[in-house]
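Asks: For reference, the sequence and a predicted model appear below.
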Amino acid sequence: MERIRTAGLCATAAGLIALGTTGVAGASTTVPFRIDPASFGNPHGSFDVPPLECVAVVDEQPGTVRISGGKPEGWGCLIFAEVNWLNLSTGASGTARTSDGLHGFPPEAVIDTGSGQVVLVLRPAAGVVTPGFATFYVP
């Protein structure tokens with residue numbers, strides 16, 4: 001009876017480990033950040049211009065990060081925004097720009113940062129807006 005119980009516990013543990021590994025491998029990590037409009041130079045934002053919710057999505061492909069909107073289907077981030085990034089682990093850096101958001105495709109930028117701790121700043125092409133800032137690890 002003791003052998004059966006031990007075998008059952010081992011089988012359950014192995015099954016849970018296999019399920020946990022499968023779930024983690026297929027999941028992507030989303031890091032939210034926001035951009036606060038400062039209409040007319042008001043650093044506290046404005047009641048008529050809500051904050052823009054953006055996300056950095058990692059774990060989709062090794063060494064890359066996708067910047068898009070935090071709302072359903074990827075909407076909510078700025079079009080033609082400048083994205084400056086720095087990989088703190090390797091020293092690599094670069095600049096990208098989010099897409100135009102036309103033809104039903106949300107604005108996004110896919111950046112090849114390489115693996116490591118990454119920091120980015122997202123700024124609009126024009127206007128008085130507080131830049132968005134995020135830091136995250138890219139596997």
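Replies: Okay, I see it. Numbering: from 1, shown residues only.
Asks: quick one: contacts for Gly69?
Replies: Leu52, Glu53, Cys54, Val55, Trp75, Gly76, Cys77, Pro106, Pro107, Glu108 (CB atoms under 8 Å, 6 or more residues apart in numbering). All C-beta atoms are positioned from the backbone trio N, CA, C, and that covers glycine.
Asks: does the residue most central in space within the chain sit in a helix or strand, and which one?
Replies: Closest to where the C-alpha atoms of the chain average out (CA atoms, centre = their mean) is Ala56, at 1.3 Å. Using DSSP states H and E, Ala56 sits in strand 52-58.
Asks: neighbours around Pro62, how many?
Replies: 11 (other CB atoms under 10 Å).
Asks: Now do the phi/psi pair for it.
Replies: phi -60, psi 130 (degrees, to the nearest 10).
Asks: The nearest residue to it once chain neighbours are set aside: what's it in contact with?
Replies: For Pro62, ignoring the flanking residues on the chain, the nearest one in space by CB to CB, 6 or more residues apart in numbering is Pro139 at 6.2 Å. Contacts for Pro139 (CB under 8 Å, 6+ apart) come out as Val58, Asp59, Pro62, Gly63, Ser115.
Asks: same thing with Val57?
Replies: Taking CB under 8 Å, 6+ apart, one finds Ser28, Thr29, Thr30, Val31, Val65, Arg66, Ile67, Ser68 in contact with Val57.
Asks: ok, Ile79 - how many residues close by?
Replies: By other CB under 10 Å, neighbour count at Ile79 equals 15.
Asks: who touches it in this structure?
Replies: Ile79 neighbours (CB under 8 Å, 6+ apart): Thr98, Ser99, Asp100, Gly101, Pro107.
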